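# Here you go, sequence then predicted model.
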Number of protein chains: 2
Amino acid sequence: MQAKTVDFATDLQELAQFAKLFSHPARIAIVKLLAEKKNCISGDIANELPLSRTTVCQHLQELKNSGLIKGEISGLNVNYCLDNKKWKDIKSKFEAFLNISVPHFECNC
Amino acid sequence: MQAKTVDFATDLQELAQFAKLFSHPARIAIVKLLAEKKNCISGDIANELPLSRTTVCQHLQELKNSGLIKGEISGLNVNYCLDNKKWKDIKSKFEAFLNISVPHFECNC
DNA sequence: TTTGTATGTCGCAAACATACGAATTAAATT
DNA sequence: AATTTAATTCGTATGTTTGCGACATACAAA
């Protein structure tokens, strides 16, 4: 009931949303592909993944709605690419979280 | 239909599972609390979150099942703590992903 | 203008996630 | 032994995600 999510601090909500972007292997694969810049074309991306075109398109839209990727029509094709600014934003916020100090002694557990 | 997830490379699946752990603000909050080591006790954790004890317990179990946290009974209480080894593992794999080179030029989009 | 090709949207179904009250377990206290 | 307390499991309601076929759009080419 996800609604309760709103009761958390906004930075936690934001981080959780970023994490959700990466919570499906298809979306990680898409991001990696675009980072490697093997290609940008929608159809080529779909061909690389073990999912229907429809489903890949949905994952692309999700990434696009979040602002992590951009798409531009080029004739019959659509070229996708990462948004560098957004990527850096996500990266820095995630790294800040990953760098929370973890106690070097074992807890009483 | 989540079943299709299996058709992806195992490292992508693993990363996606880690991301899923952080895809809810309650679980991020729990991890942060344990990292700051403000306390370890189940009930205290529940008191810090805007959720019922039952629900917090569920999130704790999820984190525990993944191996990220451990719990130890201490009388009537249960002390939780992060598993340092697992945390380092997740951290390094996530950082590797976040460090994929992003093209410094803007794509044709 | 008709045909083909690349993308994307809609609607549905199955699976999964979130949330909580009630019941349960198990140790501590009286 | 009975009661209290802390934590968890069970059952259930509801919302979200994933996945896909069928349909729609939009440009390109014949």
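Structure's in. What do you need?
# Near DNA strand D, which residues of chain A? Just list them.
Chain A has residues A:1-3, A:20, A:23-24, A:26, A:51-52, A:54-55, A:58-59, A:62, A:73, A:75-76 near DNA strand D, with proximity defined as Cβ under 7 Å from any atom of the strand. C-betas here are computed from N, CA, C, even on glycine.
# Average pLDDT for stretch A:31-38, rounded please.
Averaging pLDDT along stretch A:31-38 gives 92.
# Mind checking if it is in reach of chain B?
Yes: judged by Cβ under 8 Å from any Cβ of the partner chain, stretch A:31-38 comes into contact with chain B through A:Val31, A:Lys32, A:Leu34, A:Ala35, A:Glu36, A:Lys37.
# May I ask which helix or strand encompasses the second one?
So the one you mean is A:Lys32. helix A:25-36 (DSSP states H and E).
# Now that helix: buried residues?
For helix A:25-36, burial by neighbour count (16 or more other Cβ atoms under 10 Å in any protein chain shown) applies to A:Pro25, A:Ala26, A:Arg27, A:Ile28, A:Ala29, A:Ile30, A:Val31, A:Leu33, A:Leu34, A:Ala35.
# Please apply the same query to stretch A:39-59.
In stretch A:39-59, the ones that count as buried by 16+ other Cβ under 10 Å are A:Cys40, A:Ser42, A:Ile45, A:Ala46, A:Leu49, A:Leu51, A:Val56, A:Cys57, A:His59.
# The strand or helix carrying A:Ile73 and chain B, are they touching?
Using DSSP H and E, A:Ile73 sits within strand A:69-74. Yes: residues of strand A:69-74 contacting chain B under Cβ under 8 Å from any Cβ: A:Lys70, A:Gly71, A:Glu72, A:Ser74.
# What residues are bridge-paired with the third one?
Under DSSP bridges, the beta-bridge partners of A:Glu72 are A:Asn79.
# residue contacts, A:Lys32?
B:Phe97, B:Ile100 (Cβ atoms under 8 Å, 6 or more residues apart in numbering or on different chains).
# ok, 7 Å please
Applying Cβ atoms under 7 Å, 6 or more residues apart in numbering or on different chains to A:Lys32 gives the contacts B:Ile100.
# how about the residues of chain A near DNA strand C?
Residues of chain A lying close to DNA strand C (Cβ under 7 Å from any atom of the strand) are A:1-5, A:41-44, A:46, A:53-54, A:57-58, A:60-61, A:71, A:76-78.
# Could you confirm whether any residue of the strand or helix carrying A:Ala16 contacts chain B?
Using DSSP H and E, A:Ala16 maps to helix A:10-21. Yes: applying Cβ under 7 Å from any Cβ of the partner chain, one finds helix A:10-21 touching chain B at A:Leu12, A:Gln13, A:Leu15, A:Ala16, A:Ala19, A:Lys20.
# No more questions from me, cheers.
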